[in-house]
Every structure is written in structure tokens, then in C-alpha cells.
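Q: model the structure of this input:
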Amino acid sequence: MSAKGFFNAFADVWMHEGVRTPMVDYCGALGHISPTDLGIKAAREALKRAGIAPSEIGSVITGNMAPGDFDQFVLPRHIGLYAGVPQEVPAIMVQRICGTGFELFRQAGEQIQAGVCDAALVVGTESMTRNPIAAFDHRTGFKLGAPVGFKDFMWEALKDPAAGINMIQTAENLAKKYKITREEVDQFASESFAKAVAAQAAGFHAGEIVPVVTEKFELEGYIARGIKLQGKVTEVSADTHPRISPAEVLGKLRSVYEGGVQTGGNSSALVDAAAACVVTSGEFAKKLAKAQGKKPLARVVAAAAVGVPPEIMGIGPAPAIRLLLERTGLKLSDIGRFEINEAQGAQTLAVGRELGLDMSKLNVNGGAIALGHPLAATGVRLTITLARELQRSGLRYGISSACVGGGQGIALLIENPEAA
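A: Next comes the predicted model:
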């Protein structure tokens, strides 16, 4: 596949300490919480850990796919305001479906490089549980005997009406194209679970998680928001989906489509979560280091976004990564770690085969099959995890990437300054 699309190179753009909430299974302990409040929680903690005062933020860039409540129109503004960002600082909502979190970094880089701001707050937040049961054709009333039309927003959103198939079927198309077997997909999923469990036990994931507790978010002169955990739960501090999942156990699950390779066990988990990070100019980062001794987490080197056929949308990371490498002059072997969203097991394996990827470098702390895929939060989470892993392993370059429904791919190249 040709490396076409658009590309941004960033000369002096840096990401600082990032953070996320735990990723909690669909209909679990975070299921009743607004994505706005999850986003505020992550945003406040990201600013705190980075040692950056909210007053220094010049742009708020947020992502959220499905409305989790009737406040979604003001979600970007409320995340900024209740995180303490000054009123005069604007906020925007960004949407690139599963690639939204990466797009936040890309747009932050563009703004900083253009001199729009010196520091941007990026926040991806998603409540899969609170995806609505919706109807779009009732405004003009009901006709006698006509279908009422209420449908599950999340399930319907998985369908691509142009190609006439859903996201799972696109993975099945890739399995056929790349001759990927059910056994291979289950083995890949089992390994994702095992890596996530090991990373969790070692405390790696805890380093990027802020526990969620009952608390208020005050804003002087305005109505307080907040989080209220239900029942006897007083704190949610760990991801809930990782578990040891042997391939032979996964192999007993029924495939979504008869004769297919994708099951509920080897596809990305449905979870609720938010993730946030502060992105700054190099000059800002130097001032912060001088004043507080806090060094940035990574340099944001470049971003690429591409289009691919909708019916094989899951291959998107491959040409996006190729474009990054082509325009930066790097080779695949120069990249020490990859974080590629595991939308479906067959889809990720197809990307690996298309690129000729060394799979030992991929998702070394587990992927979305084990941890979950909270849409707009995913790209932020993956990039934070990647930056931390580069520092842990002493490697220089890493790429985070995802496929995008409708037929796109997006990828970010970051650099560990300690290994440069």
C-alpha cells in the first residue's frame, strides 16, 4: 500500500507527565459517571503531575465520541474550566473516532508550532456504558404502525453504511486477506492478556493511573460538579479487564460470525476511562525544568494520518506508520516500541504482517484486548504508555497508532529525550 496522506513534523514540541483513570469494564464502577467528570479528573491530575499551573494553559483540546449525557456540547469547555484553566482560554472538541486521542496531540503540536499557545491541555474521555439508546427520526412525530426506531447507539455506530459491514466484519476481511487463522488470533489475544497482567502485577500501569474517588469539582461562581461512587465502592484504582486467558480457553468462545476468527475474547474490551496530558513548546519545557526540575516525558516528533478502503479499515496503521517513516527518514528497525490499538486481534496481526513488524516490540505491556478501548481516550492512553515504556526500557523512538472506522489510520512518532 502506498504511503499517501498528510504529515506533520514538529521541531520542538514536548509531552509532559500524562495520566489516566483506571479502565473499568462496561457497566462497572465508572458506568454512571459523566465523561465530562472523568475528563476533569484526568485533566486536574495531569496538570498536577506535570507541575504546570492551569493558568499557564493556552488551549484546551478534548475528544469524546458518544454523548454520555446531555452536557456533551459543553464537555470541552467544562473540562477546561473545572480543571482551573482561565475563562479566556478556548476549548475545542476533536473527532477522529478511534484515532481521536492521537489527533489531540497532532492538533496541539500544530497550535504550539504556529505560536497559538505555549502549553495545551489534551484530554480524551469516553463512557462506553453511557452510550445512549437513541432515535433520530422522531422530531416530526409518529405515524400509526410505523417502527418506533430506538436503537443502541454504540452497536449501530459499529456499522459502516458505505461498505455495508460492521467493524468486526472488516477484521474478518483482513483475516482472509492475510490468511490469519482463529488459532493465531486467540494466541495473540492470550499474549495480550498475559502481558497486561504481568505489567499490572509489576506496578507499571499504576504509574499512569489516578485513582477515582468520590469528590467535588468546585468552580467559583458556578455550580459544582463532581464524581460520586455508588454503593460500598470508595475508590477505583486499577484496570478491571486484564485476566489470565489461555488460548485454549479463548478457543472455546463462539465466533461472532460463523466460520470467522473474531470473538468477544479476542476483540478490544468495552471500558470507561479518561486520559490527559500537557503538551508544550520547548521553551516552556526548559523554563519548567529550570524552575521545578521537571523534565518532559517525550518529544512529539511527527504525526501522520491516511485513508484506506472502508472494508479493510483495520489496516490503517500500516500506511500511517509507513508515511511517518518515509517522511522522517527512519527505518522500521529504528523504532524501539510500538503501541498499536488492538481493535480486533486479526486487525492488529494484519498490520504486523503488512509492515513485517517485529511483534516482540508491540504492546509489550498489553493492548486493548486486555485493557480496553475507550474510543477518544485510547490514543492519549497509548501515547502516555509508550512514552513511559521508552523511558523504562531506555529506547529512543516509539510509534503509537490506531485504525479508524470509515477507513483511516493515524500514527504518532515520539522520542525519549534521555536516549537521544
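Q: from here on, contacts and neighbour counts on C-alpha atoms
A: Will do.
Q: check contacts around the most centrally placed residue in the chain.
A: Nearest to the mean C-alpha position of the chain, by C-alpha atoms, centre = their mean, lies T378 at 1.1 Å. By C-alpha atoms under 8 Å, 6 or more residues apart in numbering, the residues touching T378 are C98, G99, T100, G101, G124, A275, N341.
Q: can you give me the helices for this structure?
A: Secondary structure of the chain (DSSP state H): helices at 35-50, 75-82, 100-113, 153-157, 167-177, 182-201, 247-250, 282-292, 317-328, 345-355, 368-371, 378-393.
Q: of those, which approaches P309 most closely?
A: P309 lies closest to helix 167-177 among the helices of the chain, at 9.9 Å (C-alpha to C-alpha).
Q: contacts for the closest one, please.
A: Applying C-alpha under 8 Å, 6+ apart, the contact partners of helix 167-177 are 158-160, 180-181, 260-262, 310-315, 344, 346-347, 350, 405.
Q: can I get the buried part of the residues you listed as one PyMOL selection?
A: A single PyMOL command selects the buried members of the contacts of helix 167-177 (16 or more other C-alpha atoms under 10 Å):
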select buried, resi 159+160+180+260+261+262+310+311+312+313+314+315+344+346+347+350+405
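Q: just the ones of the contacts of helix 167-177 in strands?
A: Those of the contacts of helix 167-177 mapping onto strands are K159, D160, per DSSP state E.
Q: without its sequence neighbours, what residue ends up closest to A273?
A: Closest residue to A273 apart from its sequence neighbours, by C-alpha to C-alpha, 6 or more residues apart in numbering: M23 at 5.0 Å.
Q: ok, now A343?
A: S268 is the one closest to A343 (C-alpha to C-alpha, 6+ apart), at 5.1 Å.
Q: just checking, the one you found touches G372?
A: Yes - applying C-alpha atoms under 8 Å, one finds S268 in contact with G372, separated by 5.5 Å.
Q: residues near K41, how many?
A: By other C-alpha atoms under 10 Å, the residues close to K41 number 29.
Q: same question, E172
A: E172: 25 surrounding residues under other C-alpha under 10 Å.
Q: try the one 10 residues further on
A: Taking other C-alpha under 10 Å as the neighbour definition, R182 ends up with a count of 21.
Q: for K179, same thing?
A: 11.
Q: next one: the one 5 residues further on
A: Applying other C-alpha under 10 Å, we find 15 residues neighbouring E184.
Q: go on, P161?
A: 12.
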